[in-house]
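Asker: Coordinates for the following, if possible.
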Amino acid sequence: MHSLNPFDCPDGVIILEPRSVYDKGLIRYDSEQGCLVYDFDKCVEAIMEADGCSCEEAIDWLCYNTVDKQMEGWPLFESADGLCDV
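Answerer: Numbers count the residues shown, from 1 in each chain. Modelled structure (predicted):
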């Protein structure tokens, strides 16, 4: 898989911060939805690595603070089963 540079996306696209963590899970820009798409599992792994937490803690943190946000242009998350449904 190639590395996506979020700065190649249109202005105003929401990019998750810190980039040193979340860029590891960046998959693509979805032009139909107008947002970035992240790999949920890779984001969990990146949070575990960055924060030294367990998988369960990383999932809880990611879901509560990031995935569950409902706003226009907010990034989508995919898992092995498809798009995460929140």
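Asker: Give the residue spans of the chain that score low on pLDDT.
Answerer: Applying pLDDT under 70 to the chain flags the ranges 1-7, 81-86.
Asker: for it, which helix is longest?
Answerer: Secondary structure of the chain read by DSSP state H shows that its longest helix is helix 40-51.
Asker: ok now do the most centrally placed residue in the chain, which residues does it touch?
Answerer: Geometric centre of the chain, nearest residue: Y38, 3.6 Å, by Cα atoms, centre = their mean. If a contact means Cβ atoms under 8 Å, 6 or more residues apart in numbering, then Y38 has 16, 22, 25-27, 75-78 as its contacts. C-betas here are computed from N, CA, C, even on glycine.
Asker: Mark which of those are part of strands, please.
Answerer: 26-27, 76-78 (DSSP state E).
Asker: and the nearest residue to D8 once chain neighbours are set aside, helix, strand or coil?
Answerer: Using Cβ to Cβ, 6 or more residues apart in numbering and skipping residues adjacent in sequence, the residue nearest D8 is Y29, 7.7 Å away. Three-state call for Y29 (DSSP: H, G, I helix; E, B strand; the rest coil): strand.
Asker: distance of Y29 from N65?
Answerer: Counting by Cβ to Cβ, to the nearest Å, the gap from Y29 to N65 is 22 Å.
Asker: who's more crowded, these two?
Answerer: Y29 (18 against 10; other Cβ atoms under 10 Å).
Asker: wait, doesn't that one sit right on L36?
Answerer: Yes. At 5.7 Å, Y29 counts as touching L36 under the criterion of Cβ atoms under 8 Å.
Asker: quick one on the thing from earlier: which strand or helix spans the residue nearest to the centre of the chain?
Answerer: Per DSSP states H and E: Y38 is located in strand 35-39.
Asker: Indicate each strand paired with that strand and its parallel or antiparallel sense.
Answerer: Take DSSP bridges as the rule and strand 35-39 pairs in its sheet with strand 26-30 (antiparallel), strand 76-79 (parallel).
Asker: quick one: which of those strands is nearest S54?
Answerer: strand 76-79 (18.2 Å; Cβ to Cβ).
Asker: List the buried residues for the closest one?
Answerer: Neighbour counts over strand 76-79 (16 or more other Cβ atoms under 10 Å) mark 76-78 as buried.
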